[in-house]
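Peer 1: Quick one, fold the following:
(2 chains)
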There are 2 protein chains.
Amino acid sequence: MKEFKLYVGLHQDHMTEVLHCGLKNDTVAETFAVRHVNNMGICFPTRFIKIVPLSAHGQSFHTSIWFVSLLGIADPSYVEQICARYDDYRESIVLRHVLKHLRQRRLLTPYHSILSSSNFEPEHPLVTSLYSHLVLQGNWKECESLFSKASEAGLFTPYIRACEPHAKWTRLYGVDADGDAPSKRGGHAMCLDPDNNMIYLFGGWDGQKSLDDFWVYDIKNERWKQLSHSTSLEKNGPVARSCHKMVYDTKSGCIYLLGRLGDGDLVRQDDETAAASQTQNGETSGGSAESVPSAPTPYCSEFYRYHTRGLDAGKWDLLTFDTASAGGPPLIFDHQMVMDCDAQILYYSGLYSYNVRTSKWKLLQSVLLHFCHSMVLDSSSHVLFIFAGQRDNKYLSDMYAYDITSNVVTELFGNFSTSGGPDACFTQRAVIDAGDKEIYYRFCGLTRAHQSSALTVLQLDAPNWVYRYENAARPGKWTQILPEVLRDGEEGLAQEPLPRYAHQVVYDDSTRTVFMHGGNAGEAEGADSGENVAETHEDDDELKSDHTGERDRPLTKETRLDDFWSMTLQRISSKEVVRRGIYQIRKQQFREMCEEQPAVKALRFLQTEVSAVVDHKSPKEASVFRSLLAHLLSPSVPLANPSEKDSSSHITVDESSDAEAPPKKRSRPNTPDEAWTNQLDEDDISTGGATSSDSTGRPSSPAKQTRAVLCFDEDPDEISRRADTSKPLLAERFKQRTETFEGLLELIGDDAKQPDGSLLDLVDVDNGL
Amino acid sequence: MKEFKLYVGLHQDHMTEVLHCGLKNDTVAETFAVRHVNNMGICFPTRFIKIVPLSAHGQSFHTSIWFVSLLGIADPSYVEQICARYDDYRESIVLRHVLKHLRQRRLLTPYHSILSSSNFEPEHPLVTSLYSHLVLQGNWKECESLFSKASEAGLFTPYIRACEPHAKWTRLYGVDADGDAPSKRGGHAMCLDPDNNMIYLFGGWDGQKSLDDFWVYDIKNERWKQLSHSTSLEKNGPVARSCHKMVYDTKSGCIYLLGRLGDGDLVRQDDETAAASQTQNGETSGGSAESVPSAPTPYCSEFYRYHTRGLDAGKWDLLTFDTASAGGPPLIFDHQMVMDCDAQILYYSGLYSYNVRTSKWKLLQSVLLHFCHSMVLDSSSHVLFIFAGQRDNKYLSDMYAYDITSNVVTELFGNFSTSGGPDACFTQRAVIDAGDKEIYYRFCGLTRAHQSSALTVLQLDAPNWVYRYENAARPGKWTQILPEVLRDGEEGLAQEPLPRYAHQVVYDDSTRTVFMHGGNAGEAEGADSGENVAETHEDDDELKSDHTGERDRPLTKETRLDDFWSMTLQRISSKEVVRRGIYQIRKQQFREMCEEQPAVKALRFLQTEVSAVVDHKSPKEASVFRSLLAHLLSPSVPLANPSEKDSSSHITVDESSDAEAPPKKRSRPNTPDEAWTNQLDEDDISTGGATSSDSTGRPSSPAKQTRAVLCFDEDPDEISRRADTSKPLLAERFKQRTETFEGLLELIGDDAKQPDGSLLDLVDVDNGL
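Peer 2: Numbering: from 1, shown residues only, chains lettered A, B, ... in the order given. Here you go, the predicted structure:
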């Protein structure tokens, strides 16, 4: 069984996927930890387990499982407790939906009655208040003030975070005391010391040779400083290399360095591409396609430590001469390395962990089946995110969360491209903000010209992405990072770095800033538009022809960069959110004015009050604003307004039937011989039944249509709440205002409001719920 | 694309399967009618269509669809009307579930408040009354009287029909004036004239030769009459034959006769088995394995009509000399033929229809891909049920509904054996009661010794089945028919016919009686125990050795039968249902007595009142009855009683938390700075969150457990309903009584009560609803 899924549940019909994994093609027993805690942190009990085999190891083989053993807690008293908590969780979920359903349908008395007999609040008090003032009272001024208060209460934060942010790139021109800065290079390594705001940079490939210079950048003072001209000359210092990785340990102030591209230095030209396209498992595959006929000399996998503070400050340790012989990884390159500083454990491409305290390497149990290209660590929840791997020479858009504590691997996405995420590519970069639970992803990279083509191209217009998650073990949301928006008065295009790959990126938590340095800008076309990259072309060409006469043209024009950038994300302001809300409120106010007040007054309101909160620069908003005029002409059919077509309300009970048949009081006879109806008139069911054997399927004539199940009459509860002078709300107006209310809720975080979705959508065509 | 499924829906996430079909392996366009009406007869609108290819025509081919065209109604005004009706249907479904949910949770005020603002009744008034007297008031006498009233109101009919019925077989010994009756035979044809209670019988194979005698049986007078000694001698009369079919046309009083086994008469010995095992498409395959070397002479497919009344009474018409040349079916045998008497149309093995008025054969559009062995017509809904076919030499347990009017084929079961239905077999028989919407199925037949074996065996202990359906186009339920239960005083085994195949079965709607005649009882072992079949053995053996010296032993012992039976189904009486209900009620009454009254009084109640309604002959009930004594010893822990383990209630809120933390009144502050909770304590969520990264997953200690969402306190609505003197109901007692109430509901039809299922089960582990 190469691939399988595991489902668990309390009922055979309602099972949840908890594992998507595979067995190795051998007879060795494998153990998998299984997810048992949901998004909300509630343990879910299980009674049934379903194993679904997806594929066998050979096309002509059947899947085979020889023995399944289950480990878990079956202690009745413990399970009972778990069940009780889980049931309570489910009770609250259902009640929240029931409450929303009732309020949408104007069943306010039962709504409040349920609330008063249960121990929870379905929404933030400000939202409750907003509902009352908006839907029931139409108290517009109060609504607007409540909306501003909601902003102060932080209710818009989730919305603000969910909006597509804009990138603000700033070119950093810092130099050292001599006016120098790290030279053009790709495949170098960088790491950040967040406590001292320092960025360390080491090595790389400048187009001709590997480098061994070591730099540090002082973020606050915007100054570079060269720590070493050549670490090879220092005691225990690493020799020149590229495609290695460095991590900074905040606890000890040490930098750990591991890996390098392993083939002959002189002949390596396009190290990063060759590496990525020719290896699959992260190990050196014996040199790239361009290597000279002479056998490559594989280096050992040396493991270094550099001290940035303390007595040994400025000194290198060679921790291991060859990690492979110490139980660690063999020499690999373009790998990923992250450090859990609290636990003092390094993680290495999802395969190995290195405990700094015990100096022990450990092969982790859960082997991810493919070479992974991005790995970041959420140090607060102790989860590694591993994604966008490459397997069988295909780029993948998959993403896994590896829970270090429980040793559970969860597949977040089989293909995040189809879930609104970025396309598959490689040599992309990712950084994580564990506090904000966001991963910033891509910052350029290579992709394939076509899905099936082996030709790799530098994608010029690939956007950057934010991946937001609430719970590390559950799929989060992908959002594009938009280019910078220029303010009035600024001219030209926003400053942005060239597309590139083999660059380096670090992230500063405290200032929420991404720093990017160097990389390979690809062929000349892209590089020509750059500022200071043109002069390297001829050198490169000469050198290349010196070394390898047979080299292809496309590879000869590659350009290394030495530019240094910082990037911050700009999100919409809460003031803007308040404006959007108030605009919605005033739109509804205007629509009601059109129906109830002189057209002149409504028009003036539109011209002043509504216009004041419209973003006239947004073509969409401006167009909707103009279309509002139509309400002045046809106030009697307010729902026909095309601008309302994006309504998300599900209340579509036929109004005509309301008008024709006044709601009949339900009679509840106590004797069985009296007529009673079951949900629909008997008439109606038999008509429907006949319809099924009628080839056209036309329903009965409108005249025969039954009255709707719900009447949307004023609820007794409303009378006490509305102002004495006002009239009862018409059903139509109630629905309109509910729509406006639900539109406003889109700006408010999930935790503070009624749940999304409608109970109606749960109705199956045939089997009820 | 050999096989595909089609889904439609209003949302991409909620789609319904409406077609499971296949395309032929050619380039000709095919059109499929798609289901658009649900179980309740409500048209459902659709926005999305999903085609899921399941298999290609070749293993190495991809599925290919060249062009998809959609036909349907998109007229907005029409669709809007459909949507409104469908939404109303969904509203009522959701409200029914919400109401059940609230009542289960003792939220009675909102329950009644919703009822009073909506236009439907969720249940039969008797059920409402039962709830009030049982759960709220504990008025036991009134409950019992209500339960009897429910019986009178017919509320138990669905339950009675769903119970496994018992068969009552009666051997019929009728003879004609000369003391004769039809001789031993198999593969004969029978049809029933329901208006005159006559059963016609013609032809068959007696083990040596085909027959051409024609009989009629008078059901009321239990007399046979021979209409013709040999129809071959009559004008236009059919020659001797077997494996043909006859249908009776109630409108004209005519009998239609078609088909025959087509190989040489003299050498055919085991016609039915050879036929079934050696052909696949219903056409003669050129003779059975035992046919003599001389080439068989295929007959033409003659089509006869016999008049039972009118001027032509007793006369035969030869309608067509060869139906194949008239556009009808070629000569086939062991086929199925049914008649829609109102429409005057004959249906022929799902492939052809014959219009009596126009004398035209028609090849139906929707060809079912395999040779079908059972076909019955629901003449009221105009649906053909076609099932248990044979394809590629495999027996199938599939079932299709062919809606004649709309030309829609619906797959009811891909394999009904896995849906609680009978195993696959062949030469089984089926009859339909369209009024009761039931199909009686099997009445013996052949099956395979093993799934993969070609050896066919006569299954001795195969049960008969009832297939019940509400809507012909949706899967119904299979129920076994149990053997007759003997009453006290009767001795020995119930009278039952021998297992057999190649027998004939007809059904009399008016008396709900199945009549069965003759057939092949298989080898001697089975036949030896019969009464009057032993003497045929030697004759058979002689004849066979005369004709074919090489014949195998197993075939020589087959025995034809001439016994004639009637069978009716015995269902449980409504008196029995009332007893079961009253037993449930008294059990609860006894439990409460144990807690509240002197043990002596409770014991006496158990000994007299409860005992009186226990079926002491049922081992299960007797055992539960004895276990009730435990309540006397431990009245304080009533829920620990093992007899209650089959409780179907979903109310499992932890009681200990109820006791520890008295329900706090929900405070609803209007200012945002006051504390508010969202469904669960913040504490709790963070504890749960930490749990997720804890390898054991143990939740917080019991002491920290939060109070439950629901408190199950007395609802204000209850106070007005209960007797003044009584105390408020304890939460525990409320849940107990609700369980008893829901147990009683199992005896009541779906239409009259709250829906099955719980909203809690709709909660997804992660995503809420």
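Peer 1: what secondary structure does A:Ser77 sit in?
Peer 2: Per DSSP: H, G, I helix; E, B strand; the rest coil, the secondary structure class of A:Ser77 is helix.
Peer 1: distance of it from A:Cys83?
Peer 2: 11 Å (Cβ to Cβ, to the nearest Å). From N, CA and C alone the C-beta is placed, and that goes for glycine too.
Peer 1: ok, now A:Arg90?
Peer 2: Note on A:Arg90: its distance to A:Cys83, by Cβ to Cβ, is 10 Å.
Peer 1: Which one of the two is surrounded by more residues?
Peer 2: Neighbours of A:Arg90 and A:Cys83, each counted by other Cβ atoms under 10 Å in any protein chain shown, are more numerous for A:Arg90; the result is 25 against 18.
Peer 1: Wait, a helix at the more buried one?
Peer 2: Yes: counting by three-state DSSP, A:Arg90 falls inside a helix.
Peer 1: and it, what does it touch?
Peer 2: B:760, B:763 (Cβ atoms under 8 Å, 6 or more residues apart in numbering or on different chains).
Peer 1: how about the strands in the stretch 251-400 of chain A?
Peer 2: A:254-258, A:303-307, A:316-320, A:337-340, A:345-348, A:352-355, A:360-363, A:374-378, A:383-387, A:390-391, A:394-395, A:399-403 (DSSP state E, counting those that start in this stretch).
Peer 1: Now render the ones you listed as JSON lines, adding mean neighbour count and mean pLDDT.
Peer 2: Formatted as JSON lines, the strands of the stretch 251-400 of chain A follow (neighbours: other Cβ atoms under 10 Å in any protein chain shown; pLDDT from 0 to 100):
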{"stretch": "strand A:254-258", "mean neighbour count": "25", "mean pLDDT": "93"}
{"stretch": "strand A:303-307", "mean neighbour count": "22", "mean pLDDT": "94"}
{"stretch": "strand A:316-320", "mean neighbour count": "18", "mean pLDDT": "91"}
{"stretch": "strand A:337-340", "mean neighbour count": "22", "mean pLDDT": "90"}
{"stretch": "strand A:345-348", "mean neighbour count": "24", "mean pLDDT": "88"}
{"stretch": "strand A:352-355", "mean neighbour count": "19", "mean pLDDT": "88"}
{"stretch": "strand A:360-363", "mean neighbour count": "15", "mean pLDDT": "86"}
{"stretch": "strand A:374-378", "mean neighbour count": "23", "mean pLDDT": "86"}
{"stretch": "strand A:383-387", "mean neighbour count": "25", "mean pLDDT": "85"}
{"stretch": "strand A:390-391", "mean neighbour count": "18", "mean pLDDT": "66"}
{"stretch": "strand A:394-395", "mean neighbour count": "16", "mean pLDDT": "72"}
{"stretch": "strand A:399-403", "mean neighbour count": "24", "mean pLDDT": "84"}
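Peer 1: So which elements touch the strand ranked longest in chain A?
Peer 2: Identified as the longest strand of chain A according to DSSP state E is strand A:560-570. Other elements packing on strand A:560-570 under the criterion 3 or more Cβ pairs under 8 Å, 6 or more residues apart in numbering or on different chains; DSSP states H and E are strand A:166-172, strand A:513-520.
Peer 1: could these be laid out in CSV, adding mean neighbour count and mean pLDDT?
Peer 2: As requested, the helices and strands packed on strand A:560-570 are exported to CSV (neighbours: other Cβ under 10 Å; pLDDT from 0 to 100):
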stretch, mean neighbour count, mean pLDDT
strand A:166-172, 16, 90
strand A:513-520, 25, 90
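Peer 1: between the ones you listed, which one is nearest to chain B?
Peer 2: strand A:513-520 (26.9 Å; Cβ to the nearest Cβ).
Peer 1: Since that was my last question, I'll sign off now.
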